[in-house]
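Trainee: Can you look at this prediction? I've put the sequence above it.
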Amino acid sequence: MFYELQLGLIDLPFARFPYRHIYNVVVLHKWSLHVDRDTSEQGRSLRSTLGAMIQRRLTLLLCDMDFRAWDTLYHLGRTPGLNRHAWERELTGANTAAYAALTLCARPSAIVLLSNLYEDVDLGIDLFWLEGDHDIAVSVKTNTGESGVRFSWLEHGLSKREYDDLPNDLKKVSRGARQLTEEQGRIHSSRVFEPVLVQVGKQFGYPVPLNITFDRQTWPQQLLQTLDRSENTRGLRRTGS
């Protein structure tokens, strides 16, 4: 298999791509295509892990990349030996995560951390946003065909029926935040992670722009204010910008 992976990297267009660590992403992508043939539980687990590794590396690449190179990166998926649909799916997820990370990083008092593999795959957390009194575990998803940013969060006091009606992504990050709070409680007894689902809209066939003025994005401040107010409210709330 590794011979096949190396063979697939010879004299292909991305060899001229200016960000040379794209090689790591392409190798992982081709490995994931090989693993797709394995329908066992171990195969599914490995696919999830490889997907998280690919998205993390693409997210870091997009955060550092000149956005004018987007088309070149996007069209790498048409390279022989790659799967165009899988590449576009991976790139879309990373593009959305990069937008959220760059927007939060533009806040002077914010600390933003990408999750590790365990936090991503098992807990459903894409990144952490630490600001003021808030330690926020964020799951980032793409809303293709929509515009703006929507966010939802979980509060205490939900009935079973209300909880069952929540989006699955919010339920997963909520479980993950609770588990991480319990684990971290052995070290930081006062740290409580607040689960938030951020859904970023984008148009069909276009990426979420990364050449914008990030400190003009208003949704992070709206979300913080909402979390502050929610201490005296109950249930799931959704809002957007």
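Mentor: Yes, it's here.
Trainee: Okay, strands next: where are they in the protein?
Mentor: Applying DSSP state E to the chain gives strands spanning 111-114, 127-131, 134-144, 149-153, 193-202, 237-240.
Trainee: Quick one: list the elements packing against the first one.
Mentor: Meaning strand 111-114. Packing contacts for strand 111-114, counted by 3 or more CB pairs under 8 Å, 6 or more residues apart in numbering; DSSP states H and E, involve helix 41-64, helix 84-105, strand 127-131. No exception for glycine: its C-beta is placed from N, CA and C like everyone else's.
Trainee: Save those as CSV, and put in mean pLDDT too.
Mentor: Below are the helices and strands packed on strand 111-114 laid out as CSV (pLDDT from 0 to 100):
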stretch, mean pLDDT
helix 41-64, 92
helix 84-105, 96
strand 127-131, 95
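Trainee: and of those, who's closest to V200?
Mentor: Smallest distance to V200 across the helices and strands packed on strand 111-114 (CB to CB): 4.8 Å, for helix 84-105.
Trainee: Identify all contacting residues around that closest one.
Mentor: By CB atoms under 8 Å, 6 or more residues apart in numbering, the residues outside helix 84-105 that reach it are 29, 32-33, 51, 54-55, 58-59, 61-63, 73-74, 76-78, 110, 112, 114, 126-127, 129, 138, 140-142, 144, 198, 200, 202, 207-210, 214, 217, 219-220.
Trainee: likewise stretch 205-214?
Mentor: With contact meaning CB under 8 Å, 6+ apart, stretch 205-214 is reached by 62, 65, 67-68, 70, 74, 91-92, 95-96, 98-99, 102-103, 105-106, 142, 200, 202.
Trainee: Please pick the buried ones from these.
Mentor: 62, 65, 70, 74, 91-92, 95-96, 98-99, 102-103, 106, 142, 200, 202 (16 or more other CB atoms under 10 Å).
Trainee: ok, which pair from those residues is furthest apart?
Mentor: Maximum distance among the buried ones among the contacts of stretch 205-214 (CB to CB): 24.4 Å, for Y74 and A106.
Trainee: Fine, thanks again, bye for now.
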